[in-house]
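A.B. asks: Compute the structure for the input listed below.
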Amino acid sequence: MPIFNDTKVAFADKSDAQLRKAYWMFKMIEQPTLTKLGTSVLNFTVHNNFPFVSGIVKKTLFEQFCGGETREESMKVVKQLFKRGVGSIFDYSIEGKEDEETFDAVCKEIKDIVRFSVGNPAIPFIVFKPTAFGRIDLYELVGKQAELTSSQKQEWDKVVRRFDEVCKLCHESNKKVMIDAEETWMQDAADSLCEEMMEKYNTETPIVWNTIQMYRKGRLEYMEGHLQRATEKGYYIGYKIVRGAYMEKERARAVEKGYPDPIQPNKEASDKNYNAGIDFVMSHLDKVSAFFGTHNEISSELIMDKMKAKGLNNDTSHIYFGQLYGMSDNITFFLSDKGYNAAKYLPYGPVKDVVPYLTRRAQENTSVAGQTGRELGLIKRELERRRK
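C.D. replies: Alright, predicted model coming up:
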């Protein structure tokens, strides 16, 4: 029996009613046409303040994939997860706004999360998206080393200041912070900023962690080059290693603008690249720590095997495993049950503001081969087990 198939462990905290609701929801998400239509209607109705919609969303998609509308509301989930040895990573999931007032407000929220979580081992990481602190077009210009206007320079200085304020506070609070990866055309600037923050705050231990998307070409080479720079400058590296989430968007833009597709040609190539990332980390544990964000059972087992071969304790501070809240409980709770460092990304925010995140999550579940079917199969098996 595969090691991640213990549904009794995976769903120990879920009632029959919760499992049936989750089954119905994943069944809906499984249909690409229905998902596309549903997410379009959902975005429209919420954007136009249809009063009854928020309540429906909160009881379905929101309840499945989010902790609550506020940090305080989400603490019920945090405590429940931590009882079973699983950490929570607050993810303030406001997307799609590009004004300075919002950027400052999100920066304040992230700093509040840091202060809120000080001394609480149930919240092992802080996280933010680069585009939560600045416009994606500005990142693209900086990454291309384009000549900025004076107002653009001032705008970029504010982005750098927001990064620094959060990373400095995390350093002072001894809290690790992960900076998410986004679209390829803005990532060069984000990588440079992450390296700048690491050089400043990772001299004793990895406080600042960058995100590496292994469905991209050239990321292994980036890590190799980065390790050389970090060794020369004397700081430690933290990486969150993921496959990636913008494949269709990336491919479409490459065709539209006539540049080479930056994404691996197929899933097999992405998987091979991800596993090469695992090998890279395991070969450089003296300088590199990693948070492996994956819903892939084969990759998870491979990491465990390599840890064992290296003689590492399951709870070594160099290796973390992470999955999204509401998904892959079979992996998360198996790992925590065996004493590995396991955590859930826990999105939160007002229902209306989180809808873009929720619809993207639904679409990703539809497009990732086998993901939704696996969730459905596990839930069905647990419901049948309980009936016996």
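A.B. asks: mind listing what residue 94 touches?
C.D. replies: With contact set as CB atoms under 8 Å, 6 or more residues apart in numbering, residue 94 has these partners: 102, 106, 132, 349, 353-354. C-beta: built from backbone N, CA, C; applies to glycine.
A.B. asks: Residue 253 reaches residue 185, doesn't it?
C.D. replies: Yes: if you go by CB atoms under 8 Å, residue 253 and residue 185 touch, sitting 7.5 Å apart.
A.B. asks: between those two, which one's more packed in?
C.D. replies: residue 185 (19 against 16; other CB atoms under 10 Å).
A.B. asks: how about that one, what does it touch?
C.D. replies: Residue 185 touches 136, 140, 143, 253, counting by CB under 8 Å, 6+ apart.
A.B. asks: Among those, which are located in helices?
C.D. replies: Among the contacts of residue 185, the ones falling in helices (DSSP state H) are 136, 140, 143, 253.
A.B. asks: Closest one of the residues you listed to residue 373?
C.D. replies: Residue 373 lies nearest to residue 253 out of those, by CB to CB, at 29.0 Å.
A.B. asks: residues contacting the closest one?
C.D. replies: Neighbours of residue 253 in contact, by CB under 8 Å, 6+ apart: 183, 185.
A.B. asks: Check the gap between it and residue 145 for me.
C.D. replies: Using CB to CB, to the nearest Å, residue 253 is found at 20 Å from residue 145.
A.B. asks: can you count the residues close to residue 258?
C.D. replies: Residues near residue 258, counting by other CB under 10 Å: 6.
A.B. asks: I meant to write residue 220 there.
C.D. replies: 17.
A.B. asks: which residues does it contact?
C.D. replies: Residue 220 sits in contact with 214, 273, 276-277, 280, where contact means CB under 8 Å, 6+ apart.
A.B. asks: Buried only: go through those for me.
C.D. replies: Neighbour-count burial (16 or more other CB atoms under 10 Å) applied to the contacts of residue 220 gives 214, 273, 277, 280.
A.B. asks: Serialize the residues you listed to TSV and add fields for pLDDT, secondary structure and distance to residue 74.
C.D. replies: As requested, the buried ones among the contacts of residue 220 are exported to TSV (pLDDT from 0 to 100; DSSP: H, G, I helix; E, B strand; the rest coil; distance: CB to CB, whole Å):
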residue	pLDDT	secondary structure	distance to residue 74
214	97	coil	29
273	97	helix	34
277	98	helix	30
280	98	helix	34
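A.B. asks: Most neighbours among the contacts of residue 94, which one?
C.D. replies: residue 354 (26 neighbours).
A.B. asks: Tell me where the stretch 151-300 of the chain has helices.
C.D. replies: Ranges of helices within the stretch 151-300 of the chain are 184-201, 219-233, 247-257, 267-283, 297-309, based on DSSP state H, counting those that start in this stretch.
A.B. asks: Would you mind giving the contacts of residue 94 as a markdown table with pLDDT, distance to residue 191 and secondary structure added?
C.D. replies: Formatted as a markdown table, the contacts of residue 94 follow (pLDDT from 0 to 100; distance: CB to CB, whole Å; DSSP: H, G, I helix; E, B strand; the rest coil):
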| residue | pLDDT | distance to residue 191 | secondary structure |
| --- | --- | --- | --- |
| 102 | 92 | 24 | helix |
| 106 | 93 | 21 | helix |
| 132 | 93 | 17 | helix |
| 349 | 89 | 27 | coil |
| 353 | 80 | 28 | helix |
| 354 | 79 | 27 | helix |
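A.B. asks: so which of these would you say is closest to residue 246?
C.D. replies: Using CB to CB, residue 132 is the member of the contacts of residue 94 that lies nearest residue 246, at 15.9 Å.
A.B. asks: Give me the spatial nearest neighbour of that closest one, chain neighbours excluded.
C.D. replies: residue 106 (4.5 Å; CB to CB, 6 or more residues apart in numbering).
A.B. asks: Distance check, the one you found against residue 316.
C.D. replies: Residue 106 sits at a distance of 33 Å from residue 316 (criterion: CB to CB).
A.B. asks: if we can go back for a sec, let's have the contacts of residue 220 in CSV, adding distance to residue 295.
C.D. replies: Below are the contacts of residue 220 laid out as CSV (distance: CB to CB, whole Å):
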residue, distance to residue 295
214, 13
273, 16
276, 19
277, 15
280, 21
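A.B. asks: what's the weakest-modelled helix or strand in this structure?
C.D. replies: Taking mean pLDDT, DSSP states H and E as the measure, the helix or strand of the chain with the lowest value is helix 32-47, at a mean of 58.
A.B. asks: Off-centre distance for the helix or strand hosting residue 24?
C.D. replies: Residue 24 belongs to helix 16-29 when assigned by DSSP states H and E. Taking CA atoms, centre = their mean, to the nearest Å, one finds helix 16-29 lying 23 Å from the centre of the chain it belongs to.
A.B. asks: buried set for that helix?
C.D. replies: Buried positions in helix 16-29, judged by neighbour count with 16+ other CB under 10 Å: 19, 21-23, 25-26, 28-29.
A.B. asks: How is the nearest residue to residue 124 once chain neighbours are set aside classified with respect to secondary structure?
C.D. replies: Nearest non-adjacent residue to residue 124, counting by CB to CB, 6+ apart: residue 87, 4.3 Å away. Following DSSP: H, G, I helix; E, B strand; the rest coil, residue 87 is assigned to strand.
A.B. asks: And residue 87, what's its pLDDT?
C.D. replies: We have a pLDDT of 98 for residue 87.
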